[in-house]
Structure formats: C-alpha cells, structure tokens
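In: sequence isn't available, so here's the structure alone:
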C-alpha cells in the first residue's frame with residue numbers, strides 16, 4: 001500500500017504484515033500490524049516483522065472482583081465484558 005507524505009503529497013510505498021487472533025472466552029478480534037517503507041522492508045524489516053508476528057499472543061485479562069465502571073464509547077456496537 002502507499003501513504004501520502006504530508007509535506008509533498010508524494011506517495012510513499014509501504015509493506016505491512018497483519019496478524020489477528022481471537023482470545024479464548026471472547027468474540028473480539030485483536031490485531032497487530034507491523035509495517036515499514038519498502039526500502040527498509042527489503043533490507044530486513046520483513047524478517048523482523050515476521051518474528052514479531054510469530055511471537056504475538058493476545059490473552060484475556062485476569063478476572064477480578066473489582067466493579068466495572070466502563071464508559072460506552074462503542075458508537076452503538078456491542079461491548080464484550
């Protein structure tokens with residue numbers, strides 16, 4: 001993909017790797033995105049991104065007896081508590 005430079009409006013090519021997982025006990029997906037410009041990607045950032053993605057884990061937080069006081073910022077989508 002490409003993004004636009006703020007100063008020159010030039011397109012800057014980038015590469016990215018996305019990993020998604022659904023932790024046990026929830027229906028929500030958690031994603032990790034690693035990216036770099038194309039030059040750095042070719043010089044080894046792709047290998048680093050793959051190592052990071054392979055080690056990525058998302059675990060639910062431990063259960064607690066504290067009361068939940070969350071604000072609804074979902075914009076109408078359901079919250080999974």
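Out: Here it is on my side, so go on. Everything quoted here is computed from the prediction, not taken from an experiment.
In: can you list the strands that the helix-or-strand element of the chain with minimal mean pLDDT pairs with?
Out: When each helix and strand of the chain is scored by mean pLDDT, DSSP states H and E, strand 2-4 comes last, with a mean of 89. Applying DSSP bridges, strand 2-4 is found paired with strand 11-21 (antiparallel).
In: list the contacts for residue 20?
Out: 29, 30, 31, 32 (Cβ atoms under 8 Å, 6 or more residues apart in numbering). Using the backbone N, CA and C atoms, a C-beta is placed for each residue, glycine as well.
In: correct me if wrong: the second one contacts residue 22.
Out: Okay, so that is residue 30. Yes - here residue 30 reaches residue 22: they are 7.4 Å apart, a contact under Cβ atoms under 8 Å.
In: quick one, helices of the protein?
Out: Taking DSSP state H, the helices of the chain run over residues 38-40, 46-55.
In: in TSV, list the ones you listed along with distance to residue 69.
Out: As requested, the helices of the chain are arranged in TSV below (distance: least, Cβ to Cβ, whole Å):
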stretch	distance to residue 69
helix 38-40	43
helix 46-55	33
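In: what residues does the least confident helix or strand of the chain touch?
Out: 10, 11, 12, 13, 14.
In: columns mean neighbour count, distance to residue 75 and mean pLDDT on top of the helices of the chain, output as TSV?
Out: Shown next, in TSV, are the helices of the chain (neighbours: other Cβ atoms under 10 Å; distance: least, Cβ to Cβ, whole Å; pLDDT from 0 to 100):
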stretch	mean neighbour count	distance to residue 75	mean pLDDT
helix 38-40	13	34	93
helix 46-55	13	29	93
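In: so where's the chain shaky on pLDDT?
Out: 76-81 (pLDDT under 70).
In: looking at the contacts of residue 20, which is nearest residue 75?
Out: Each of the contacts of residue 20 was scored against residue 75 by Cβ to Cβ, and residue 29 proved nearest at 17.2 Å.
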